[in-house]
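K.L.:
Here is a sequence together with a model predicted from it:
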Amino acid sequence: MAGRVDLDGNPIKQITICMIGAGGFIGSHLCEKLLSETPHKVLAVDVYSDKIKHLLEPATVTWADRIQFHRINIKNDSRLEGLIKMADLTINLAAICTPADYNTRPLDTIYSNFIDALPVVKYCSENGKRLIHFSTCEVYGKTIGAFLPKDSPLRQDPAYYVLKEDTSPCIFGPIEKQRWSYACAKQLIERLVYAEGAENGLEFTIVRPFNWIGPRMDFIPGIDGPSEGVPRVLACFSNNLLRREPLKLVDGGESQRTFIYIKDAIEAVLLMIENPARANGHIFNVGNPNNEVTVRQLAEMMTKVYAKVSGESSIETPTIDVSSKEFYGEGYDDSDKRIPDMTIINRQLGWNPKTSLWDLLESTLTYQHRTYAEAVKQAMSKTTAN
Ligand SMILES: NC(=O)c1ccc[n+]([C@@H]2O[C@H](COP(=O)([O-])OP(=O)(O)OC[C@H]3O[C@@H](n4cnc5c(N)ncnc54)[C@H](O)[C@@H]3O)[C@@H](O)[C@H]2O)c1
Ligand SMILES: O=c1ccn([C@@H]2O[C@H](COP(=O)(O)OP(=O)(O)O[C@H]3OC[C@@H](O)[C@H](O)[C@H]3O)[C@@H](O)[C@H]2O)c(=O)[nH]1
C-alpha cells in the first residue's frame, strides 16, 4: 500500500469514508476493496451487516481498526450528521432498488430514493464534505429508438440508443406506470445534488450503475430472503437454476441490458474516490457496453454456465414466458435497451471494464452454487416431506 499515487502522480492520503448502505451488494464489495487495497477508514452505515460480516469479525483481522459498523436507519437517526462530519467523504448507496418494489411499494420507493437522501446531501453541503451519490442508469428510462417504428433503419443508429450523461434525455412512461417512481425519484435527487454543486459549491460525483452483477447480489428467496420476494434478475435466474425449474422470461425476455462484473465496476468507484479533482462535478455512466444481451440470451447463457459449474445437466424446458402483469403486477413497465456511453469516464479516469459476460457469469454462478446448492436442496426436501 505504501507509495500509492493518484492518476496525476500525487501521493494518496488516507481518508475516512462514511459509507451509507455499506451492508448491501455494492457496499460489501466496496468495503472489501477499500480494506484490502487501500489505507482508508470506513464508517459503515446500514440496517443490515450480513454481507460484510466477514469484514467485521473476528476483531483480529488486520483492518479491524479501519472499519466501524453503525447500525443506523438513515430515515430517523440523529447520529447521521455526526458521522458525515467525522468523514472526509460520504458515499450514499442506501436505496430501495429492486424493480418488484417500484410498482408495488411506490411510496417507500420514492421516500427511500429521494426524501431519505435529502439530509445526506444537506449535511454534506452544510459541512463542506464531498459526496459520491449512487443514482442509476434507469434515469435514462426508455431510448429514443423505442418510439421509432419497429422496422425503422434509424433503430440501428447509435444516436437513437446509446446513453450519454450530458446529452441523452430522460424518458419515462406515464404516472400510472409506477415502475418509473424509482427512476423519477433518482432523477430528482440527481438534480438536487447538481443544484447544491452549482449554487452552494457542494463537491459531488454522481454514479449511474448499469446492471452491476456478481456474488452477494440480493437474496435467494426462501434461503436468505423472503420466499415470496422477487430480487433482481441475476438472483431470480440463479434461484430457478438452483431449484431446477424453468427461468421466467418477462414479456418474452426481449429487453436488452449490458451487464458488468461488480469487481470491474468497483475499480471505477475507487478511481473516483482517489481522484477527486478528476471526479468532482461529474456524472459517470459505469457499465460494460460490450456485454449486451437480451434477457432471453442471458437466461440461455446462465443455463449453459450453470450446467458447466454445477456438473448437472440442464432441464428439458429451460425457460418459460410470463406476462409482466403476472410477474410484477399492475404498473410495471421496462427499459428497452441500455448501452452506456463511456466517453466521460474514459476521459476523466481512463477506466475501462474488462470482464466478458461469460467469465463474470462463470465466477458468479460458481459462487451461487457453492453458497446455496446444499441449502436449496435441504429446503426442497423439507417441502416435499411436508
Ligand atoms: N446493483 C446495480 O446494478 C445498481 C444499478 C443501478 C443503481 N444502483 C444503485 O446503487 C446503490 C446500491 O445498490 P445495491 O445493488 O448495492 O443495492 P442493495 O439493496 O444491495 O444495497 C442497498 C443497501 O442500503 C441499505 N439501506 C436502504 N435503506 C436504508 C436506510 N434507510 N438506512 C440505512 N441503510 C439503508 C440496505 O439495507 C442495503 O444494504 C443503490 O442506490 C442503487 O439504486 C445499483
Ligand atoms: O425472473 C426474471 C427477473 C427479471 N426479468 C427481466 O430482466 C430484466 C432485468 O431485470 P432486473 O431485475 O435486473 O432489473 P432492471 O435491469 O430492470 O432494473 C435495475 O437496473 C438498475 C438499477 O437501478 C436497479 O438495480 C434495477 O432497477 C427486466 O427486463 C426484467 O423484466 C425476467 O425476465 N425474469
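P.N.:
Perfect, thanks for sending it. Ligands and ions are numbered 1, 2, ... in the order given.
K.L.:
from here on, contacts and neighbour counts on C-alpha atoms
P.N.:
Noted.
K.L.:
how about stretch 108-123, does it reach ligand 2?
P.N.:
No. Using C-alpha under 6 Å from any ligand atom, stretch 108-123 stays clear of ligand 2, coming no nearer than 10.5 Å.
K.L.:
Ends of that stretch, what's the gap?
P.N.:
From its first residue to its last, stretch 108-123 covers 22 Å (C-alpha to C-alpha, to the nearest Å).
K.L.:
So which bits of the protein are right by ligand 2?
P.N.:
97-99, 136-138, 211, 232-233, 236-237, 248-250, 253, 255, 295, 334.
K.L.:
And for the closest residue to ligand 2 within the stretch 101-250 of the chain, the neighbour number?
P.N.:
Residue of the stretch 101-250 of the chain nearest ligand 2, by C-alpha to the nearest ligand atom: residue 232 (3.2 Å). Using other C-alpha atoms under 10 Å, residue 232 has 16 neighbouring residues.
K.L.:
and the gap between it and residue 156?
P.N.:
28 Å.
K.L.:
again with residue 250
P.N.:
Residue 250 is 24 Å from residue 156, by C-alpha to C-alpha.
K.L.:
avg pLDDT for stretch 204-213?
P.N.:
The pLDDT scores in stretch 204-213 average 99.
K.L.:
contacting residues around that stretch?
P.N.:
130-137, 190, 193-194, 197, 234, 257-262, 265, 272, 279-288, 338, 340 (C-alpha atoms under 8 Å, 6 or more residues apart in numbering).
K.L.:
With stretch 11-18 instead?
P.N.:
With C-alpha under 8 Å, 6+ apart as the criterion, stretch 11-18 contacts 3-6, 39-45, 83-84, 86-91, 274.
K.L.:
So which of the residues you listed are in helices?
P.N.:
83-84, 86, 274 (DSSP state H).
K.L.:
What's the PyMOL line that selects buried ones from those?
P.N.:
Buried members of the ones in helices among the contacts of stretch 11-18 can be picked out in PyMOL with the line below, counting by 16 or more other C-alpha atoms under 10 Å:
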select buried, resi 83+84+274
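K.L.:
For this protein, give me the ranges with low pLDDT.
P.N.:
By pLDDT under 70, the weakly predicted segments of the chain are 1-2, 59-60, 386.
K.L.:
Near ligand 1, which residues of it are found?
P.N.:
21, 23-27, 46-48, 72-75, 93-97, 134-137, 209-212, 218.
K.L.:
What is the burial count for residue 9?
P.N.:
Residue neighbour count, defined by other C-alpha under 10 Å, stands at 8 for residue 9.
K.L.:
which SS class is it?
P.N.:
Per DSSP: H, G, I helix; E, B strand; the rest coil, the local secondary structure of residue 9 is coil.
K.L.:
Quick check: it vs ligand 1, distance?
P.N.:
30 Å (C-alpha to the nearest ligand atom, to the nearest Å).
K.L.:
What of residue 310?
P.N.:
25 Å.
K.L.:
now swap in residue 5 and tell me
P.N.:
27 Å.
K.L.:
Please name the residues that touch that residue.
P.N.:
11-12 are the contacts of residue 5 under C-alpha under 8 Å, 6+ apart.
K.L.:
before we move on, which element is residue 334 in?
P.N.:
For residue 334, there is no enclosing helix or strand under DSSP states H and E.
K.L.:
neighbours around it, how many?
P.N.:
Residue 334: 19 surrounding residues under other C-alpha under 10 Å.
K.L.:
what sits against it?
P.N.:
142, 179, 255.
K.L.:
Let me know whether residue 294 touches residue 257 as I believe.
P.N.:
Yes. Look at residue 294 against residue 257 with C-alpha atoms under 8 Å: they come within range, at 6.3 Å.
K.L.:
Would you mind telling me which of the two has more residues around it?
P.N.:
For residue 294 versus residue 257, neighbours defined as other C-alpha under 10 Å are more numerous around residue 257 (21 against 17).
K.L.:
would the more buried one count as being in a strand?
P.N.:
Yes. The assignment for residue 257 by three-state DSSP puts it in a strand.
K.L.:
of residue 250 and residue 156, who's got more company?
P.N.:
Counted by other C-alpha under 10 Å, residue 250 and residue 156 do not tie: residue 250 has more neighbours, with 20 against 11.
K.L.:
Can you tell me how far that one is from residue 318?
P.N.:
14 Å.
K.L.:
And for residue 300?
P.N.:
8 Å.
K.L.:
Can you select the buried ones among the residues of the chain next to ligand 1 for me in ChimeraX?
P.N.:
This is the ChimeraX syntax for the buried subset of the residues of the chain next to ligand 1, where burial follows 16+ other C-alpha under 10 Å:
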select :21,23,24,25,26,27,46,47,48,72,73,74,93,94,95,96,97,134,135,136,137,209,210,211,212,218
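K.L.:
Alright, that wraps it up for me.
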